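Asks: Give me a model of this one.
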Amino acid sequence: MAVKSALSKVVGFPNPVNEVASRMVAAVVVLACVAAIVFGEPWILLPLAYGFWARTITGPTLSPLGMLASRVVAPRLAKERPVAGPPKRFAQAMGTAFSTTAVVLWFGFGLHTAAWVVIGLLGAAAFFEAAFRFCLGCKIFGLLMRAGIIPEEVCAECANITLRHPELVGPAS
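Replies: Predicted structure coming up:
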């Protein structure tokens, strides 16, 4: 039982998530993707993939970048802006898929151009999050919820906007 308790303190994802911290992480992902491509440094793919795996499984807990963004940078940069956690976790999982695919393409199959294309796409998605608050993974999450692929119970506040914005509900009669 003690192992399960200790594990539950590490594994999990915050809900809500500070969008300011998410955008800071996305900005660093953009820089890492650009640096990997511009300087032709495939080793950058390894910490990039690790970071996505860590954030998907534990939120910021095992991600040095996630910890820095959520505990140091974001609180000093702007007021906290809470958003639903499940879509952000889905977006991190998409980043995991893209970064891991790039690692496998580069180191496993020697398909360097394909790896750079995948990293370019990941960097573009991260850029939209960092610069414009447009989370592609979150949008896909919403579409999958509307299609019934992701059940509403996964994110009740995503399914019912009034849970996030009670001001949208009219006065009680």
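
Asks: Please count neighbours and contacts with C-alpha atoms only from this point.
Replies: Fine.

Asks: Residue nearest the middle of this protein, spatially speaking?
Replies: Nearest residue to the geometric centre of the chain (CA atoms, centre = their mean): Q92, 3.0 Å.

Asks: For that one, give me its contacts.
Replies: By CA atoms under 8 Å, 6 or more residues apart in numbering, Q92 lies in contact with F52, W53, R55, T56, G137.

Asks: if we go to 10 Å?
Replies: By CA atoms under 10 Å, 6 or more residues apart in numbering, the residues touching Q92 are 22, 26, 51-57, 59, 86, 98, 137-138.

Asks: Would you map the strands across the protein?
Replies: With DSSP state E as the criterion, the chain has strands at 17-18, 82-83.

Asks: quick one: the residue nearest to the centre of the chain and G66, what's the gap?
Replies: 11 Å (CA to CA, to the nearest Å).

Asks: do you know how far A36 is from L65?
Replies: As judged by CA to CA, A36 and L65 stand 17 Å apart.

Asks: When these two are compared, which one has more neighbours?
Replies: Taking neighbours as other CA atoms under 10 Å, A36 and L65 compare with L65 leading, 22 against 19.

Asks: Now that one: closest residue in space, sequence neighbours ignored.
Replies: Excluding the flanking residues, the one nearest L65 by CA to CA, 6 or more residues apart in numbering is V25, at 6.6 Å.

Asks: likewise G51?
Replies: Among residues not flanking G51 along the chain, S63 sits closest, at 5.5 Å (CA to CA, 6+ apart).

Asks: Only alpha carbons, please: show stretch 10-21 as CSV.
Replies: Extracted in CSV, the C-alpha atoms of stretch 10-21 (Å, rounded to 0.1, in the frame of the first residue of the first chain):
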residue,chain,number,x,y,z
VAL,A,10,4.5,11.0,-8.7
VAL,A,11,2.3,9.6,-11.4
GLY,A,12,-0.6,11.9,-12.4
PHE,A,13,-1.3,15.1,-14.1
PRO,A,14,-2.5,18.3,-12.5
ASN,A,15,-6.0,19.6,-13.1
PRO,A,16,-6.3,22.5,-13.6
VAL,A,17,-3.0,23.4,-15.3
ASN,A,18,-1.5,26.9,-15.4
GLU,A,19,-1.7,27.9,-19.0
VAL,A,20,1.2,30.4,-18.5
ALA,A,21,3.5,27.5,-17.5
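
Asks: Show residues contacting that stretch.
Replies: Everything outside stretch 10-21 that qualifies as a contact, by CA under 10 Å, 6+ apart, is 25-27, 54-62, 65-75, 77-89, 129-130, 133, 155.
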